[in-house]
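**Q** Okay, structure incoming, though there's no sequence with it:
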């Protein structure tokens, strides 16, 4: 079975700092990769996804992620965070061709100080 | 497009009662619906997968007699927590996936917070 590791449980940054959240997965086959965000009191929202093609994926709100197949990684980045980016971020892996088993990482709580 | 709703958003019940949670895909046909559980400050754990018109597939460790799932139509799945106990208190989230390319990923509902007294 696949698994997803998010290395940082809680990240605290000041506004305008750059962000990189790590995500590594274990699965031998082709995967679809996702980053979701959960703002306080709100439901999961899709930030970005990778299915195929350009491994550098741009999402909403200035976020991007790079799929590095050799490292089994899909790290999330943003060059300059804002206070409104304070939220929980989840990486998720979905093996291609599978109708089930979207596996989530444990999540990273990002706190941006004004 | 691709909106998924859940009802109710919050429910409080007494121990021993049953609670039904609805998950609806509002603007697409969901051939597959997923039910997740999220404990405070933890990740989402898949409980079960349901395909329209067939029995749900439960993940290991999830009691299918306690968490009854019905996916009777292409836009509605229900999760019934039978004889709920305080340890069942959690945040339950559904997601839906369609067949068409545009909907070939999971779209999440807003979640239902269940508190069992």
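**A** Sure thing, it's come through. Just so you know, these numbers come straight off a predicted model, no measurement behind them.

**Q** What number of residues are in the vicinity of residue 108?
**A** Chain wasn't specified; assuming chain A. Residue A:108 has 21 neighbours, counted by other CB atoms under 10 Å in any protein chain shown. Heads up, the C-betas are built off the backbone N, CA and C, glycines and all.

**Q** nope, chain B
**A** 23.

**Q** which SSE is the closest residue in space to residue A:10 that isn't next to it in sequence in?
**A** Nearest residue to residue A:10, sequence neighbours excluded (CB to CB, 6 or more residues apart in numbering or on different chains): residue A:109, at 4.7 Å. Per DSSP states H and E: residue A:109 is located in strand A:108-113.

**Q** quick revisit: in terms of contact, does the residue nearest to residue A:10 touch residue A:13 like I think?
**A** No: the criterion here is CB atoms under 8 Å, and residue A:109 misses it with residue A:13 at 11.6 Å.

**Q** re earlier: for beta bridges, what are the partners of the residue nearest to residue A:10?
**A** Residues in a beta bridge with residue A:109, per DSSP bridges, are residue A:10, residue A:88.

**Q** Neighbours of it, how many?
**A** As a burial measure, residue A:109 scores 15 neighbours (other CB under 10 Å).

**Q** Can you pull out the low-pLDDT segments for the chain?
**A** No chain was given, so I picked chain A. A:97-100 (pLDDT under 70).

**Q** Correction: the question concerned chain B.
**A** Using pLDDT under 70, chain B drops low at B:1, B:100-104.

**Q** Give me every residue in chain B lying close to chain A.
**A** B:32, B:34, B:41-46, B:49, B:51, B:57, B:93, B:95, B:97, B:105-111 (CB under 8 Å from any CB of the partner chain).

**Q** Among the residues you listed, which lie within helices?
**A** Per DSSP state H, helices hold no members of these.

**Q** which stretches of chain B form strands?
**A** Along chain B, counting by DSSP state E, strands occupy B:4-7, B:10-13, B:19-25, B:30-38, B:44-51, B:57-58, B:67-73, B:76-81, B:90-98, B:107-108, B:112-116.

**Q** what do you get for chain A?
**A** Using DSSP E, strands in chain A cover A:3-5, A:10-14, A:19-21, A:24-26, A:31-38, A:45-50, A:56-58, A:64-68, A:73-78, A:87-95, A:103-104, A:108-113.

**Q** May I see the ones you listed organised as a markdown table, with distance to residue B:68 added?
**A** Below are these laid out as a markdown table (distance: least, CB to CB, whole Å):
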| stretch | distance to residue B:68 |
| --- | --- |
| strand A:3-5 | 29 |
| strand A:10-14 | 37 |
| strand A:19-21 | 37 |
| strand A:24-26 | 32 |
| strand A:31-38 | 27 |
| strand A:45-50 | 29 |
| strand A:56-58 | 38 |
| strand A:64-68 | 37 |
| strand A:73-78 | 35 |
| strand A:87-95 | 26 |
| strand A:103-104 | 24 |
| strand A:108-113 | 33 |
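
**Q** out of these, which comes closest to residue B:14?
**A** strand A:31-38 (29.2 Å; CB to CB).

**Q** Nice, that's everything, thank you.
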